[in-house]
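>>> quick one, structure for this:
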Amino acid sequence: MKIILNKHISGAKGSFVAGDEIEVSDNEALRYIDKGIAIPKTKKEYDAVLKKIEKEKEIEEQKQKELQALLLREELEGEKEKLLKRVQEIDEILESGEDVSKTNDSTDK
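Sure thing, here's the model as predicted:
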């Protein structure tokens, strides 16, 4: 993104004075603008960068929601397996005709 500097800066890319127009990455440009070091060269480009970053944030948020849903699903599947196993154990006890009062009271565990 092209920006116009409000202040003198220097770094690995060189030394620049207030009023110089330079091109930097979108993230770097936004940092300079947020800190008052520079202004965007054009409002159109600035708005486009903001829109792009907002879209990237929305995509990242959606990915996080999908990941959380997947983790919850895995947790629920594990719980389902445990419950199905317990139901099977209960069915086996009931089908065996075993005296239920003599079985280990594991239902409270």
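
>>> shaky segments in the chain?
For the chain, the stretches with pLDDT under 70 are 100-109.

>>> work out for me the element the residue nearest to the spatial centre of it sits within.
The residue lying closest to the centre of the chain (CA atoms, centre = their mean) is residue 64, at 3.7 Å. Element membership for residue 64 (DSSP states H and E) is helix 43-96.

>>> now for that helix, which elements pack on it?
With contacts defined as 3 or more CB pairs under 8 Å, 6 or more residues apart in numbering; DSSP states H and E, helix 43-96 has these neighbours: helix 26-34. Every C-beta, even on glycine, is put in place using the N, C-alpha and C of the backbone.

>>> mind listing what's buried in the helix it packs on?
The neighbour-count check on helix 26-34 (16 or more other CB atoms under 10 Å) flags 26, 29, 30, 32, 33 as buried.

>>> what's the angle from the helix holding residue 64 to helix 26-34?
120 degrees (axes from the mean of the first three to the mean of the last three CA atoms, to 10 degrees).

>>> follow-up on the earlier one: mind putting the buried residues of helix 26-34 in TSV, distance to residue 68 included?
Listed next are the buried residues of helix 26-34 as TSV, based on distance: CB to CB, whole Å:
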residue	distance to residue 68
26	28
29	32
30	28
32	35
33	33
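
>>> closest to residue 88 out of those residues?
residue 26 (57.4 Å; CB to CB).

>>> relative to residue 51, how far out is the closest residue to residue 49 other than its chain neighbours?
Distances taken as CB to CB, 6 or more residues apart in numbering put residue 26 closest to residue 49, at 4.8 Å, once the chain neighbours are dropped. As judged by CB to CB, to the nearest Å, residue 26 and residue 51 stand 11 Å apart.

>>> tell me the SS of residue 7?
With DSSP: H, G, I helix; E, B strand; the rest coil as the basis, residue 7 sits in coil.
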